[in-house]
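Enquirer: sequence unknown, structure follows:
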């Protein structure tokens with residue numbers, strides 16, 4: 001089964017075709033990261049306008065890859081999947097409306113997808129031993145799930161205020177590394193014996209809170225403006241908390257596997273602290289349409305295109 005997936009939940013415009021949930025036939029991402037750099041963050045209206053420009057060329061490129069041509073030279077797909085939330089409403093509407101139009105015109109089934117849940121399907125689900133603990137650490141979400149099998153998920157805990165990715169990015173901007181520079185923190189981190197930051201909610205609860213850590217970073221920066229030292233310590237603080245809670249959840253639920261996914265799953269220090277965890281390739285950690293298609297295959301349910309709507313505050317609890 002070949003699924004065309006569309007992902008426009010934030011500032012990326014992505015389309016992919018995946019066969020049977022695992023075989024990537026195409027994967028196209030148009031990024032507007034550099035455009036948002038000058039604003040110091042994502043401007044929702046600007047992101048949506050850029051996606052309007054990119055969405056059709058992105059889909060066309062995804063469908064033009066070798067091996068996708070059917071009768072009359074047209075791309076051969078069996079279903080369409082699209083992110084409906086959570087995310088920025090303007091951005092979501094771009095993807096949802098074009099997916100609905102394609103479903104109406106082609107008669108193909110339309111599968112709505114929760115992109116936070118879908119992140120974990122960037123992992124090789126066919127090879128996972130269950131039950132598994134899945135840590136999803138994307139820009140605005142830090143969530144822990146129990147995966148009982150390929151379809152059955154249970155939310156265990158998550159973000160109470162700021163997510164890990166937000167703390168990384170806001171720290172990066174504060175200390176001069178620019179917008180979306182969690183990677184810059186990893187690259188420039190260098191231990192300083194004079195800097196020590198708190199590990200928020202570093203206990204047995206499976207919820208996360210990083211707003212206090214942001215405040216601590218601001219106070220430390222005011223008295224000790226050492227970018228490399230603060231980068232090191234904030235990375236240690238965030239990854240200490242993520243690793244500890246994930247290990248605790250795995251022990252509590254007798255997990256046979258630990259999964260990482262989401263943008264922060266690309267962080268090498270986090271991977272070092274969870275050495276047995278399964279994580280996607282770096283290019284599948286950030287927003288893309290491959291995991292949207294995979295989720296749709298393993299867990300999605302087709303709906304009438306008339307009933308498909310964008311839901312910016314779509315719940316991540318299951």
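Expert: Cool, got the structure. Worth saying up front: this structure is predicted, and the values here are computed from it rather than measured.

Enquirer: which stretches of the stretch 1-150 of the chain form strands?
Expert: 2-7, 13-19, 23-30, 79-85, 110-114, 132-137, 142-147 (DSSP state E, counting those that start in this stretch).

Enquirer: and these as TSV, adding distance to residue 311?
Expert: (Glycine included, C-beta is placed from N, CA and C.) As requested, the strands of the stretch 1-150 of the chain are exported to TSV (distance: least, Cβ to Cβ, whole Å):
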stretch	distance to residue 311
strand 2-7	15
strand 13-19	19
strand 23-30	23
strand 79-85	4
strand 110-114	9
strand 132-137	18
strand 142-147	17
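
Enquirer: dump those into a markdown table; add mean pLDDT, mean neighbour count and distance to residue 46 as well.
Expert: What follows is those, written out as a markdown table (pLDDT from 0 to 100; neighbours: other Cβ atoms under 10 Å; distance: least, Cβ to Cβ, whole Å):
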| stretch | mean pLDDT | mean neighbour count | distance to residue 46 |
| --- | --- | --- | --- |
| strand 2-7 | 98 | 27 | 18 |
| strand 13-19 | 97 | 27 | 13 |
| strand 23-30 | 96 | 18 | 14 |
| strand 79-85 | 98 | 26 | 19 |
| strand 110-114 | 98 | 24 | 24 |
| strand 132-137 | 98 | 28 | 26 |
| strand 142-147 | 98 | 25 | 26 |
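
Enquirer: next, count neighbours for residue 312.
Expert: By other Cβ atoms under 10 Å, the residues close to residue 312 number 16.

Enquirer: now do the one 3 residues further on
Expert: For residue 315, the neighbour count with other Cβ under 10 Å is 12.

Enquirer: tell me the SS of it?
Expert: What DSSP: H, G, I helix; E, B strand; the rest coil gives for residue 315 is coil.

Enquirer: mind checking how far it is from residue 261?
Expert: Residue 315 is 18 Å from residue 261, where distance means Cβ to Cβ, to the nearest Å.

Enquirer: same check on residue 81?
Expert: Residue 81 is 17 Å from residue 261, by Cβ to Cβ.

Enquirer: again with residue 158
Expert: 14 Å.

Enquirer: more neighbours, the two?
Expert: Legend: neighbour count by other Cβ under 10 Å for residue 158 and residue 261, higher for residue 261 (27 against 18).

Enquirer: okay, now the unreliable bits of this protein?
Expert: 32-41, 70-74, 179-181 (pLDDT under 70).

Enquirer: switch to 90 and redo it
Expert: 11, 31-48, 65-76, 138-140, 177-183, 191-194, 202-204 (pLDDT under 90).

Enquirer: domain map for it?
Expert: Domain segmentation of the chain under automatic domain parsing yields 2-119+285-307, 130-279.

Enquirer: give me the phi and psi angles of residue 278.
Expert: Per-residue torsions, residue 278: phi -100, psi 130 (degrees, to the nearest 10).

Enquirer: so what's the residue count around it?
Expert: 18.

Enquirer: do the one 10 residues further on as well
Expert: The burial count assigned to residue 288 is 23, neighbours taken as other Cβ under 10 Å.

Enquirer: cool, the one 4 residues further on as well?
Expert: For residue 292, the count of nearby residues is 33 (other Cβ under 10 Å).

Enquirer: in the one helix or strand it maps to, what's buried?
Expert: Per DSSP states H and E: residue 292 is located in helix 290-299. Across helix 290-299, burial judged by 16 or more other Cβ atoms under 10 Å covers 290, 291, 292, 293, 294, 295, 296, 297, 298, 299.

Enquirer: wait, which of these is closest to residue 56?
Expert: Distance to residue 56, by Cβ to Cβ, is smallest for residue 292 among the buried residues of helix 290-299, at 17.6 Å.

Enquirer: quick one: residue 30 and residue 227, what's the gap?
Expert: 31 Å.

Enquirer: ok, now residue 108?
Expert: For residue 108 relative to residue 227 (Cβ to Cβ), the value is 50 Å.

Enquirer: over to residue 220?
Expert: The value you get for residue 220 to residue 227, if Cβ to Cβ is used, is 11 Å.
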